[in-house]
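1. the sequence and its predicted three-dimensional model are supplied below.
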Amino acid sequence: MSKKTLKLSVLAASIAVVAGQAHSAAFQLAEQNTTGLGRAYAGEGAIGDNASVLGRNPAAMTLFDRPALSTGAVYINPEVDVDVKNAVPNSGLPTSSDDIADDAVVPFFYYVQPINEQWFAGLGIFTNYGLSTTFQDNHYAGQAAGKTALTTVNINPNVAFKVNENFSVGGGLNAVYADAEFVRHFGYFPTQPIPATTEVKRLEGDDWGYGWNIGLLLEADENNRWALTYRSEIDLTLEGNYSDQQPGGLGSRPGKLDLTLPAIAELSGFHQIKPDWAVHYGIMWTEWSSFKELRA
């Protein structure tokens, strides 16, 4: 299931890095829990069947009358093959790459603690964004291919208040740690006798960024409810060591990569039709215009 879910996302990520621009769902991860996999994460902000709802809607903590814990991990095994079209014949360099998207394990942790009948607290540790793609060091399109890896961890404490039997509100703070590795090689350039494997860019850096999230829960009754949530964008400046080993390059020096993790809004609903039948749905909006490019 996770393999199918992420195949297009990671492919979009590799295209975005090659082109220098991000296109829809370039590196967004839906895998914030395991229970939602079977329902394609539809209606996650309103279902509330375990503590992982905290990752989508803090207001849904008011659905719990006792402490709840949800933890685990999702193994992602995407398969993405890439071919370069219109390459110069007989370049001597590989123009195709098999399985460029790296495997990954995405862990998560959620805990909900009712304080009294109206107040609730919770903690989520998960991720909304990440990617990892790796091409051969001597790939034909070395300056557009290479290795790109981004790992983020979101530490998200939340509180919720049950206004009445029909309406709840919740919110929290997000502390996001991000670690990135960005490597490019010279690749094919007929007018320059430089080995294709020569590094032209390498940056390894990390940073902390901070944001906020808010959620609303409307309950018509115990079988019908809707949720509206918003998670703010987070600005990061990944600082570390930058190097350029090609002739005339800058050598090694401090460098940075500016990155904005886009804001997310979601509307979701849940309707229990019969004891063994339910309908749930969701619409998610991601502010991709705030993400411009990955440039070291």
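-> Nice, thanks for sending it over. Numbers count the residues shown, from 1 in each chain.

2. could you pull out the helices for this structure?
-> Remark: helices assigned in the chain by DSSP state H are 2-19, 44-47.

3. elements contacting the last one?
-> Here helix 44-47 is seen to pack against strand 199-221, strand 224-231, strand 264-274, strand 277-286 when contacts are counted using 3 or more Cβ pairs under 8 Å, 6 or more residues apart in numbering; DSSP states H and E. No exception for glycine: its C-beta is placed from N, CA and C like everyone else's.

4. tell me the angle the longest one makes with strand 264-274.
-> Angle between the axes of strand 199-221 and strand 264-274 is 40 degrees (criterion: axes from the mean of the first three to the mean of the last three Cα atoms, to 10 degrees).

5. what angle sits between strand 199-221 and strand 224-231?
-> Counting by the same axes, to 10 degrees, strand 199-221 lies at 150 degrees to strand 224-231.

6. list the buried ones in strand 199-221?
-> 199-205, 207, 209, 211, 213-217, 219 (16 or more other Cβ atoms under 10 Å).

7. for residue 266, state which of the residues you listed is nearest.
-> Among those, residue 215 lies closest to residue 266 (Cβ to Cβ), at 9.0 Å.

8. show me the beta-bridge partners of the closest one.
-> residue 170, residue 229 (DSSP bridges).

9. verify the contact between it and residue 167 for me.
-> No. Proximity of residue 215 to residue 167 does not meet the contact threshold set by Cβ atoms under 8 Å, at 11.8 Å.

10. need the residue closest to the centroid of this protein.
-> residue 129 (1.5 Å; Cα atoms, centre = their mean).

11. tell me, how many residues neighbour residue 102?
-> Residue 102: 17 surrounding residues under other Cβ atoms under 10 Å.

12. chain neighbours aside, what residue packs nearest to it?
-> What sits nearest to residue 102 in space, not counting adjacent residues and going by Cβ to Cβ, 6 or more residues apart in numbering, is residue 132, at 4.0 Å.

13. flag the shaky bits of the stretch 101-250 of the chain, pLDDT-wise.
-> Where the stretch 101-250 of the chain drops to pLDDT under 70, the residues are 248-249.

14. now with 80?
-> 140-144, 188-193, 243-250 (pLDDT under 80).

15. ok so, going back, turn the helices and strands packed on helix 44-47 into JSON lines, including distance to residue 38.
-> Formatted as JSON lines, those follow (distance: least, Cβ to Cβ, whole Å):
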{"stretch": "strand 199-221", "distance to residue 38": "23"}
{"stretch": "strand 224-231", "distance to residue 38": "19"}
{"stretch": "strand 264-274", "distance to residue 38": "15"}
{"stretch": "strand 277-286", "distance to residue 38": "12"}
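
16. so how far is residue 231 from residue 162?
-> In this view, residue 162 and residue 231 are 21 Å apart by Cβ to Cβ, to the nearest Å.

17. do residue 161 as well
-> Distance, residue 161 to residue 231, by Cβ to Cβ: 19 Å.

18. who has more neighbours out of those two?
-> Using other Cβ under 10 Å as the criterion, residue 161 and residue 231 rank with residue 231 on top: 24 against 15.

19. tell me how far the more buried one lies from residue 265.
-> 8 Å.

20. for residue 144, same thing?
-> From residue 144 to residue 265 the distance is 32 Å (Cβ to Cβ).

21. neighbour-wise, which of the two wins?
-> Between residue 144 and residue 265, counted using other Cβ under 10 Å, residue 144 has the larger neighbour count: 16 against 13.

22. what's the more buried one sitting at in phi/psi?
-> The phi and psi values for residue 144, taken as degrees, to the nearest 10, are phi -110, psi -10.

23. hmm, back to that, wait, isn't the residue nearest to the centre of the chain in contact with residue 174?
-> No. Using Cβ under 8 Å, residue 129 is not in contact with residue 174, being 11.7 Å away.

24. what about the strands in the stretch 51-200 of the chain?
-> Along the stretch 51-200 of the chain, counting by DSSP state E, counting those that start in this stretch, strands occupy 68-76, 82-83, 96-97, 104-114, 119-126, 130-134, 147-162, 167-185, 199-221.

25. just list the residues touching the residue lying closest to residue 73 once chain neighbours are set aside, thanks.
-> The shortest distance from residue 73 to any non-neighbouring residue, by Cβ to Cβ, 6+ apart, is to residue 107 (4.2 Å). Counting by Cβ atoms under 8 Å, 6 or more residues apart in numbering, residue 107 touches 71-73.
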